[in-house]
Every structure is written in structure tokens, then in C-alpha cells.
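1. sequence below, structure please.
(4 chains)
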Number of protein chains: 2
Amino acid sequence: MERHEMEAFLTLAEELHFRRTSERLGLAQGRVSQTIQKLERRIGAPLFERTSRRVSLTAVGAQLRDDLLPAYRQMQRALADATASVKAVSGVLRVGYSSPMAAALILDAADRLTARYPDLEVQIQEIQLADPFGPIRGDQVQVQITELPVDEPDLVVDRILFSEERKLLVNRDHPLARSSEVTLEDLADTTLISFAGMPLYMEDYHYPRLTPSGRPIPRKEAAFWQEALVMVGAGKGVTFACARAEEYYARQDTVWLPFPHFPRIDYGIIWPRNGNTARVQAFVGGITGPRTP
Amino acid sequence: MERHEMEAFLTLAEELHFRRTSERLGLAQGRVSQTIQKLERRIGAPLFERTSRRVSLTAVGAQLRDDLLPAYRQMQRALADATASVKAVSGVLRVGYSSPMAAALILDAADRLTARYPDLEVQIQEIQLADPFGPIRGDQVQVQITELPVDEPDLVVDRILFSEERKLLVNRDHPLARSSEVTLEDLADTTLISFAGMPLYMEDYHYPRLTPSGRPIPRKEAAFWQEALVMVGAGKGVTFACARAEEYYARQDTVWLPFPHFPRIDYGIIWPRNGNTARVQAFVGGITGPRTP
DNA sequence: ATGTCTTACGGAAGACGTAATAATA
DNA sequence: TATTATTACGTCTTCCGTAAGACAT
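-> Model prediction:
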């Protein structure tokens, strides 16, 4: 049963009038007549009783209308929903990241995503550790891959996307640079560079204030990651980073030391609790795929 | 969305293989590819992710399949049900009647019915009052219009179709032929002709054995209606008939007297309890229409 | 005479198959 | 190389509108 036959039949079953039916469908009057006749021939019995003055459904016609109408509506809706869902995942989605590996992941997901949603553009934006949630709260990015823990009432944390070994960055002339194994206890003899503006629970998690034995760890704050790098290069202190960041930020004057006795760095995907749009959903779903295999 | 597009999409969603899909649909391989592409252009995003080696549904495609499949199935079923119901109302339907008015009604309904169900043939058969249920029990007729009351465990009585005034048939030379008004009490002075073979409750209802004052009514039995007519014409007794039967059975030697103090004759439509077929249903539904206006 | 449904006919859209092309394992 | 999906092109079905016909009010 062809679409145009269903439409002719259902419209005529509603209008009970060939001319009005043809007008509603944008067809010539004769077309409706012939389409209905063809359908009736296929079914084997008239669906309408008609004189030149009155059109009415037969029992078979009424039954068919009752069965067909919901199916037709659902079909229409399925198509409309599909186009609407595609349209909802169009426009620009800005994704924040605070680590270059996350950026690579995002760009990878963006490729797959724009293949599936041709009208979607994914833009990326670096997020400074000193203000990790400003951009997402200000809608400068709609979704973000960032270091955990994140515990903000207005932000949803989806899950751990990946985790990285933590390394300690020290100046190549620093005594620790030649240690075989560095631990938290050693930090009492350094200045740890952390970031102002981070929530306290995050700062305490990533940049402890005391060593395990209780000695205070001297600290200094930087505003940007690049600034922290420069400070380490200048011998002003040490700081943490995830292992693979070395591929992006290696410097002659800095060595990246394994730091196995401190937890790895987990990265998660977050978005505003009231910003769970189709775009964001699609991105989160799209970034799921590649991670699992 | 065209039928061939739905079929191509749903089949491909099941097979995940263009060649197998084209074979199942009896199409060329390229056709499937182009049909899917067209659908994807209309929706605005790919429904399948394909390489030359693997085909898989995208999220949009999977959603569309979930929404579309039930609608498509229901549509198919609606059409199949319609053709099946037409086919079920085809062949020969034999209808019994015991009164010429009923025959006219049946023929009228049969005309409308064969217009609605071209493959149905309606035949009529006269039923003798002496054996009112033999033919319907022997499947010589499948439905029957007959005098009420009918109270048989294996027969369904639908409803009263119409009712007719009862008249008394007497020979023109009989003294009652000149009465201004005849009552049951007068029958004590006549011989009432009834029919053998009728169930007792029917015979007692139509042919009382006593007058209201308790006098017995002499009686004689006939085997056929025509026989009863002849007997009345020969002055051998009186009998009952419904008023309009006079149009069919008027004779010079018989007068039809009003008999207002005895109930009218009700006619009902009956069929075997285990013979409620689509044909019968269609006939009963078809005979409903003309009666109501 | 008007409004309705049906029938006849010519043109255009598009669904189809064939066959060549591109990509992947 | 074999198997797959895509693209190009010519054919043919059939959907369509126009216009005339048939019928009822």
C-alpha cells in the first residue's frame, strides 16, 4: 500500500467528499477517484459507498480506517521525530578541555559526530585550571572534559572517561631530578605550584598541604598552566601533570618524574545540570563509542 | 515517506547488508543504496554507518527503526485484515424465509450486500412452517428470517426485525366472514388449521387450544402453508397469517379478517449458535440498515 | 443548471536494471 | 583478487493534471 494511497484513503474517510479531499492533498479530483478505485480493486471490495451526492464508508472501509489511521500517524511521527532529533543536534557545540589528551579525544569524537550529524559544528576551547567552571557556567562551552573530582551542585559528572599516570615536574637542576623514586614526603623540601581559583576540595585533592608525616608543603600559586611551566623551568617550584602531557609540554629545563604513590588523574565529562541538550547528549554518546574498545 | 523507502530502510536495518537487502526486496543492489541515500538527505543525517565491509545503524537510524517498525507492521496487518475480511464474506450464503415479506427484505439486503462484497452470492430458500428449523440445522440455509418466538438452545435470535398485524383467514361463505369484529372466543365455533412439526411452544403461541373463556378450539393440522390455504378455500377450517401476506396469497374464496385482540406476528433473524460466520455477520449487519429508516 | 464523481489521454517524474567505478580486506 | 557499496545512464512504469463525460439534485 503506497503512501499516496493511504493519504487519499484516510483523507477521504475523514472528508467523505472527493473534491475537498483532492484540495487537501493538492491533487486533481480525478486522481483521488482513481487511487481509491485501485485500492478497492486490490482489497476486493468497495471501501466507500458513493453516489454523485453522498460518500460514506462501508463496513470494510471503516474497519480499515480504524486500523490504518494510528499506523499512519505513528509513521508520520517517526519521521518527524527523526528529522527533529537531527535538527536538535545541529549548530555549534563548544567543548572545553583542560588537558591536551582530552583535546585529541574531543577532536576524534567531533569527526565521528559531524559525520553522523552534518549540520553540527564542534568547537574546542581550552579551560584554565585557575577557573575550571567559569566557561561552562557562562555557556562559553556546553560540555567539558576535565580533571576529577568535580562536585558542583549545578554540574553533572557523567563518568570517568580515562585516567592518566601523575608525574611531578621539577627543574633539571633540582636535587629530586636525580632521585630514583619521588614520594609525597619529598615535597616538603620543594615549593608546590598550584592554581588559585580552583575549588578548595579540588586543590586539596591535587595539591596536598601536608606530607604523610605531617610536614607542611610550601606552596605558590599560578594563574595559568603555561605560567606554572615557566616557573618550574625557572626553578621556582615543582608541579604535577599527567604523564602524556609531556608529549605536548616537554622543555629542556624540566624533567617529568614518575610519582607512583599518588593517585592517577581521572578525567571526566561534565555539563550543566540544566544544559542537557540533544547536542550535549549526542556528544557524550559519541565520545562513549571510541573509549570502550 | 514512500512505501518502498520504508521497506528498504527496515530491511536494511535488519540485514545490515545492501546485497542481501536488495535480494530480499527483489531489487538491484544500487537501488537500495540510492533509496537509503535519498531518505538520509530528507532526514538530514545518515541512518547507517557504512564501509564497503560493514553496515551499522547510527543512533538516529536505530531510533527511526524502533519507531517505524511497529507502524509498518500495523499498516501491513490492516491491509491484510481488510482483504481477509472481504475474502471471508465471499462464496454463497443461503437465507431462509417463511414469509414473502421477509423474502422481499432479504432480496433487498442481498442487493446492497453484493454491492459491498462482490464475491458474495446470496440465495434464498423458502422454509415450511411444518419444519421451521430443519434446513438451518442441516446447513441448507445459514441464516433465516422467521416467526418468533424461537427458543432453541442451538439457535441465536438476533432481534425483532419487523412485526405484522395478524389476520384470520376464513372461507367467504363462513358465518364469521360477515362479522364486524372477530375475537379468539369465536374460534370455538371453527376448526383452526395449524402445522405439525412445529415446536410445541410455537404452536401453542400461534394456535391457542382454548378460548379465553375456556372452551376448546377444534383443530386440524396441515403440512404446508399452501395446503392450509387450500383447506380454508374449501371451507375445511380457518387459519392465521400476517396482514401483508394477502398481497401474495389472496384468493376469491377466502377473506382476510382483522384480528386485533391477538398479538401481532414478530419476525426475527436467527442463525446456528456455531454458525456465526463472517458471511452471516455481514448479512445481519446489512439487513439492519434498511430497517431503521 | 450546478455540483458531484468517473473516465480518457498525454506528459513528466522517478523507480528500476545494467554496468562501470571505488574502496576494503 | 573478491566482495562490497556507490555512481551513471537509459528504460519504463505510473503518478499526475487537463478536459470531457455521466449522474443526481
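2. going by C-alpha atoms from here, please, whenever you check contacts or count neighbours.
-> OK.
3. low-confidence stretches in the stretch 151-293 of chain A?
-> Scanning the stretch 151-293 of chain A for pLDDT under 70 picks out A:288-293.
4. for DNA strand C, see how far away the residue in it that DNA strand D sits nearest to is.
-> Evaluated by CA to the nearest atom of the strand, the stretch 151-293 of chain A has A:Gly286 as its residue closest to DNA strand D, separated by 20.6 Å. Between A:Gly286 and DNA strand C the distance, using CA to the nearest atom of the strand, to the nearest Å, works out to 20 Å.
5. report how many residues lie close to that residue.
-> 20 (other CA atoms under 10 Å in any protein chain shown).
6. top helix in chain A by residue count?
-> In chain A, taking DSSP state H as the definition, the longest helix is helix A:59-88.
7. show me what the next helix or strand after that one is in contact with.
-> Sequence-wise, the next helix or strand downstream of helix A:59-88 (DSSP states H and E) is strand A:91-97. Strand A:91-97 is touched from outside by A:103, A:106, A:119-127, A:136, A:140-146, A:279-280, with contacts defined as CA atoms under 8 Å, 6 or more residues apart in numbering or on different chains.
8. the helix or strand that comes right after strand A:91-97 vs helix B:59-88, what angle?
-> Toward the C-terminus, strand A:91-97 is succeeded by helix A:100-116 as the next helix or strand (DSSP H and E). Between the direction of helix A:100-116 and that of helix B:59-88, the angle (axes from the mean of the first three to the mean of the last three CA atoms, to 10 degrees) works out to 30 degrees.
9. list, one by one, the residues from the stretch 51-200 of chain A near chain B.
-> Taking CA under 8 Å from any CA of the partner chain as the test, the list of the stretch 51-200 of chain A residues beside chain B reads A:58, A:60, A:63-64, A:67-68, A:70-72, A:74-76, A:78-79, A:82-83, A:85-87, A:115-118.
10. just to revisit the earlier point, how far away is the residue of the stretch 151-293 of chain A closest to DNA strand D from A:Thr114?
-> Relative to A:Thr114, A:Gly286 is positioned 10 Å away (CA to CA, to the nearest Å).
11. now do A:Phe162
-> Applying CA to CA, the value for A:Phe162 to A:Thr114 is 23 Å.
12. go on, A:Asp186?
-> Taking CA to CA as the measure, A:Asp186 falls 48 Å from A:Thr114.
13. neighbour count: the two, which is higher?
-> Neighbours around A:Asp186 and A:Thr114, counted as other CA under 10 Å, are more numerous at A:Thr114. The numbers are 17 against 12.
14. report pLDDT for the more buried one.
-> What the model reports for A:Thr114 is a pLDDT of 90.
15. what residues does the stretch 51-200 of chain A put near DNA strand D?
-> When proximity is defined as CA under 7 Å from any atom of the strand, the stretch 51-200 of chain A approaches DNA strand D at A:Thr51, A:Ser52, A:Arg53.
16. which one of these is nearest B:Ala245?
-> A:Thr51 (33.8 Å; CA to CA).
17. count of residues packed around the closest one?
-> For A:Thr51, which is what you asked about, the neighbour count (other CA under 10 Å) is 8.
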